[in-house]
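Peer 1: Sharing a model that was predicted from the sequence below.
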Amino acid sequence: MAKTRDIVIGVIIAVTFVFTIAVFGLMFIGMMYGEGDVSLGGFGSKVAVIEVYGAIYESKKVVGQLKKWGEADNVKAIILHIDSPGGAVAPTQEIYNEILRIREDEGKPIVVSIGSVAASGGYYIACAADRIMANPGSITGSIGVILQFLTAEKLMETIGISYETVKSGELKDIGSMQRPMTKKERAMLTAMVMDTYEQFVEAVASGRNLTADDIYPLADGSVFSGRQAYKLGLVDTLGGFEDAVRYAAELGGIEGEPTVIRVVEPKRGFFDMLGSFMGQAENIASGQSAGPRVLYLY
């Protein structure tokens, strides 16, 4: 009886020890991989997936994941799964530059898989990758720049609201919603937009191994289906996400069925959404959303 009891106690201790080691191991891996929950996918070589979803107005999350997977020894290739109409110029360029850095410094292949849409800024960042894959019916292109802002002069006159402005220079209140834009302001903004446009054309030409003259006829804001873009040389091949996984694994030297790893974003609760809505409402109320903003946006 005592012998049986000793065996049972020994088994319990062994199971507890193994469970404790497993928990601490997972905690260590979680700390190594950073923010959010991580789909680990077992051991061995992996393909990491980064989701670029929605309008691009910040770069921190995507750049952080690029650094994370770029430095992970078991990640042999990275997929950017893009479903985005583009967004603000600066964060788009930050993501683009980080993709180039990972390719150069870490030597890892990066493949873009276009979902429903990768237009304007979404296509801009795609051009930094080694290869671009699109579904035949994906929407892409929209190479161009747009700047818009609200004017409400007549509405403000009707309801009896006006601004008093004290400024240090003629162009300091450019984009004011209380008056029409002047010729000098339009000329300045047009020059800025066209310079940003040239940066876009240069990025596409470099990424597609073409000249700027090859890109200009396509860079009037036109959008293309994935199949049209393939024929025009804007994407490398046609296929879906699973095709991109296999393609990236091949470029990364992974044999057999590739294992996929990705950051799993925590679900947003009601109060998170409410906070986001209140923040947007506050920006609108304070006039922060009314000023000019240069966008790579479809």
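Peer 2: Now that the structure is in, tell me what you want to look at. All of these numbers come straight from a predicted model, not from anything done at the bench.
Peer 1: Do a quick rundown of the strands in the stretch 101-250 of the chain.
Peer 2: Applying DSSP state E, counting those that start in this stretch to the stretch 101-250 of the chain gives strands spanning 110-119, 131-134, 139-141, 146-147, 223-225, 237-238.
Peer 1: of all those, which lies closest to residue 189?
Peer 2: strand 146-147 (6.0 Å; C-beta to C-beta). Where C-beta positions appear, they are placed from N, C-alpha and C, glycine not excepted.
Peer 1: Check the model's average confidence along that closest one for me.
Peer 2: Average pLDDT, strand 146-147: 92.
Peer 1: Which strands or helices does that strand pack on?
Peer 2: Counting contacts by 3 or more C-beta pairs under 8 Å, 6 or more residues apart in numbering; DSSP states H and E, strand 146-147 packs against helix 183-207, strand 294-297.
Peer 1: give me the low-pLDDT residue ranges for the stretch 151-298 of the chain?
Peer 2: Low-confidence segments of the stretch 151-298 of the chain, defined by pLDDT under 70: 265-293, 298.
Peer 1: Likewise for the stretch 1-150 of the chain?
Peer 2: When residues are selected by pLDDT under 70, those of the stretch 1-150 of the chain lie in 1-43.
Peer 1: Mind jotting down where the helices sit in it?
Peer 2: 2-33, 60-71, 89-106, 121-126 (DSSP state H, counting those that start in this stretch).
Peer 1: Who are the contact partners of the nearest residue to residue 58 once chain neighbours are set aside?
Peer 2: Sequence neighbours aside, residue 91 is the residue nearest to residue 58 in space, at 5.4 Å (criterion: C-beta to C-beta, 6 or more residues apart in numbering). Counting by C-beta atoms under 8 Å, 6 or more residues apart in numbering, residue 91 touches 56-59.
Peer 1: Find the pair from the residues you listed with maximum spatial separation.
Peer 2: Between any two of the contacts of residue 91 (C-beta to C-beta), the greatest distance is 8.9 Å, for 57 and 59.
Peer 1: can you tell me how far the residue nearest the centre of the chain sits from residue 233?
Peer 2: When C-alpha atoms, centre = their mean is applied to the chain, the residue found nearest the centroid is residue 52 (3.8 Å). According to C-beta to C-beta, to the nearest Å, residue 52 stands 22 Å off from residue 233.
Peer 1: same thing with residue 114?
Peer 2: For residue 114, the distance to residue 233 equals 15 Å [C-beta to C-beta].
Peer 1: Neighbour count for these two, which is higher?
Peer 2: For residue 114 versus residue 233, neighbours defined as other C-beta atoms under 10 Å are more numerous around residue 114 (30 against 13).
Peer 1: hang on, isn't the more buried one packed against residue 140?
Peer 2: Yes: counting by C-beta atoms under 8 Å, residue 114 does reach residue 140; the two are 5.8 Å apart.
Peer 1: any common contacting residues for those two?
Peer 2: By C-beta under 8 Å, 6+ apart, the residues touching both residue 114 and residue 140 are 122, 126, 134, 226, 235.
Peer 1: and the fourth one, how far is that from residue 257?
Peer 2: Translated: residue 226. Using C-beta to C-beta, we find residue 226 at a distance of 25 Å from residue 257.
Peer 1: Between those two, which has more neighbouring residues?
Peer 2: Neighbour count, other C-beta under 10 Å: between residue 226 and residue 257, residue 226 has more, with 24 against 9.
Peer 1: Quick check, that one in contact with residue 234.
Peer 2: No: look at residue 226 against residue 234 with C-beta under 8 Å: they stay out of range, at 9.2 Å.
Peer 1: Need the overlap of contacts for these two.
Peer 2: In contact with both residue 226 and residue 234: residue 140, using C-beta under 8 Å, 6+ apart.
Peer 1: quick revisit: can you put the helices and strands packed on strand 146-147 in TSV and add mean neighbour count and distance to residue 78?
Peer 2: Formatted as TSV, these follow (neighbours: other C-beta atoms under 10 Å; distance: least, C-beta to C-beta, whole Å):
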stretch	mean neighbour count	distance to residue 78
helix 183-207	15	16
strand 294-297	24	22
